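K.L.:
Sequence first, predicted coordinates after that:
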Amino acid sequence: MKLRKRLLMQSFTVLMSTVLVTACISLIFGYFYSKINHMPVGNNSTQTNLIVLKESEVIYASEDYSATLVQEIRMHLEMGHDKVTIDGKLFGMDTETFRVANGTAYSVIKVNPIVNIAEGYRTMILFVICVFLLAFLISSFFVQQENRTQIIEPIVHLKEATEKLTDGDLDIELPEEGDGEVYELHVAIERLRVRLKDSVYYERKFDENRQFLVSSISHDLKTPVTAIRGYIEGILDGVAATEEKRTKYLKEALQKTDLIRTMIDDLLLYSKLDLDQITFERSLVSVGEYIESCLDDQRFGFQKEEKQILFHNELHEPIGVMIDMNRFGRVIQNILDNAKKNIARDSGRVDVTLRRKLHNVILEIHDNGVGIKEEELPHIFDRFYRADSARKIRGSSGLGLAIAKQIVEGLDGRIWATSVYGKGTSILISLKVVSELKQGQEEQQ
């Protein structure tokens, strides 16, 4: 309920409840008040006392009036008065006289207590005012108790929480309490806190990545830049005296520039992946056909270095997965580049196996290289891990597996490694199966 509407409803409820309670109690009070004063409820008539006189002798009196009092009443009547005070109370009087057949005179004196209506009204009004105020205070108390629970306390909690947020405590969680706009305010500030926390996190992450890029570039580019400078100086100083040697120096310098470009591209890509600044363009593809096309792009490089790459597709029917074809192609390329650099010429071999396991498809890339030591294996996906053999290999940026991990996890997959030192290494990727494609169905772009 909106806060304004809530307050209006509360005011109306307090007023109506106060009026109803006051009216009920006033009716009850009026009833008993009239009973106490011998007044029938709803009738202004009072109880009439009768005194019957035979000549001057009292033969009947509805009250135990003394002879003196009767004489006083008769005297007031003879003097033309119609009121008399009896025991401090005011009474009205009226008389009727008649004679019977034998000539005896009878008198009937009516004595009516006179009720002070004005005093009764004053008492009633005072009582109504007191009841009204009391009912109003009680109703207001219960309403304020509800307001304290639904409005005041949530605002106090909100004030305390915002003070902590101002002091930099972004881990405090705001409870969703209150009603109407107070509740909405809690939700809005909680969203603001989450966004602010994310902003601070990404700002720190950005600073870390910036420092990481600066330190990495300054450290890792030093070697290829020094080599390029050495080759150029060798040409200028005449060390490369022959055309063949100059050509060799220039090719080496060109390879170093390619390495620098690769390192910079990898650094920038890793930084964007780490900050979630890359949007994956997912599409449904037949994983078997896709992996085979990726391997076809790599076969020439393996053949050039006299190394083997073999594909074993153990899927019994086409399987569909949701991936970003370009980004996942980078994963395959990085893993195969590492594998190719770790296997020997002539005897080097990489086996790529694709198989189904329950709701996932497993891609395994196994090489028969030197392998990785057990204590180093958990760290091979860390950026620039010093013990990573890929970092020691000529032409490697040291970020290939770290980038592969970021992309695979960004596609909701999982990547891990197994290795037996001296026998080879396997990199495994698990992707969720989306659908089983019909035989011969083309990949959806």
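P.N.:
Received it, and whenever you're ready, just let me know what you need. Numbering: from 1, shown residues only.

K.L.:
Could you spell out the sheet neighbours of the longest strand along the chain, each with its direction?
P.N.:
Longest strand in the chain, counting residues (DSSP state E): strand 89-99. Paired neighbours of strand 89-99 in the sheet (DSSP bridges): strand 83-86 (antiparallel), strand 105-113 (antiparallel).

K.L.:
Give the rounded mean pLDDT of the first one.
P.N.:
Along strand 83-86, the predicted confidence averages to a pLDDT of 82.

K.L.:
Tell me how many other residues surround the closest residue to Gln308 other than its chain neighbours.
P.N.:
Setting aside the residues directly before and after it, Gln308 is nearest to Arg349 in space (C-beta to C-beta, 6 or more residues apart in numbering), at 4.4 Å. Just so you know, the C-beta spots here come from the backbone N, C-alpha and C atoms, and that holds for glycine as well. Residues lying near Arg349 (other C-beta atoms under 10 Å) number 18.

K.L.:
if I pick Arg349, what's in contact with it?
P.N.:
Contacts were defined as C-beta atoms under 8 Å, 6 or more residues apart in numbering; by that measure Arg349 touches Lys307, Gln308, Ile309, Leu310, Ile343, Asp367, Asn368.

K.L.:
Pretty sure the fourth one sits against Leu354.
P.N.:
Going back to what we said before, that points to Leu310. No. Between Leu310 and Leu354 there is no contact under C-beta atoms under 8 Å: 11.8 Å.

K.L.:
Which of these two has more residues huddled nearby?
P.N.:
Leu354 (20 against 12).

K.L.:
Hmm, the more buried one is touching Asn313, no?
P.N.:
Yes. Applying C-beta under 8 Å as the test, Leu354 and Asn313 come out as touching, 5.1 Å apart.

K.L.:
Give me the common contacts of those two.
P.N.:
Counting by C-beta under 8 Å, 6+ apart, the contacts common to Leu354 and Asn313 are Gly288, Ile291.

K.L.:
And the longest strand of the chain, what's buried?
P.N.:
Phe91, Met93, Thr95 (16 or more other C-beta atoms under 10 Å).

K.L.:
Looking at pLDDT only, which of those scores worst?
P.N.:
Out of the buried residues of strand 89-99, that is Phe91, at 82.

K.L.:
Give me the distance between that one and Asn368.
P.N.:
According to C-beta to C-beta, to the nearest Å, Phe91 stands 131 Å off from Asn368.

K.L.:
same question, Gly301
P.N.:
17 Å.

K.L.:
more neighbours, the two?
P.N.:
Asn368 (18 against 14).

K.L.:
Touching, that one and Ser426? I think so.
P.N.:
No. Asn368 is beyond contact range of Ser426, at 10.4 Å (criterion: C-beta under 8 Å).

K.L.:
where does the stretch 1-150 of the chain dip in pLDDT?
P.N.:
Within the stretch 1-150 of the chain, the segments meeting pLDDT under 70 span 1-7, 30-47, 115-121.

K.L.:
now the helices: where do they sit in it?
P.N.:
Applying DSSP state H, counting those that start in this stretch to the stretch 1-150 of the chain gives helices spanning 3-36, 67-78, 117-147.

K.L.:
Identify all contacting residues around the shortest one.
P.N.:
Residues lying outside helix 67-78 but in contact with it, judged by C-beta under 8 Å, 6+ apart, are Ile51, Leu53, Val58, Ala61, Tyr65, Lys83, Val84, Ile86, Met93, Thr95, Ile109, Val111.
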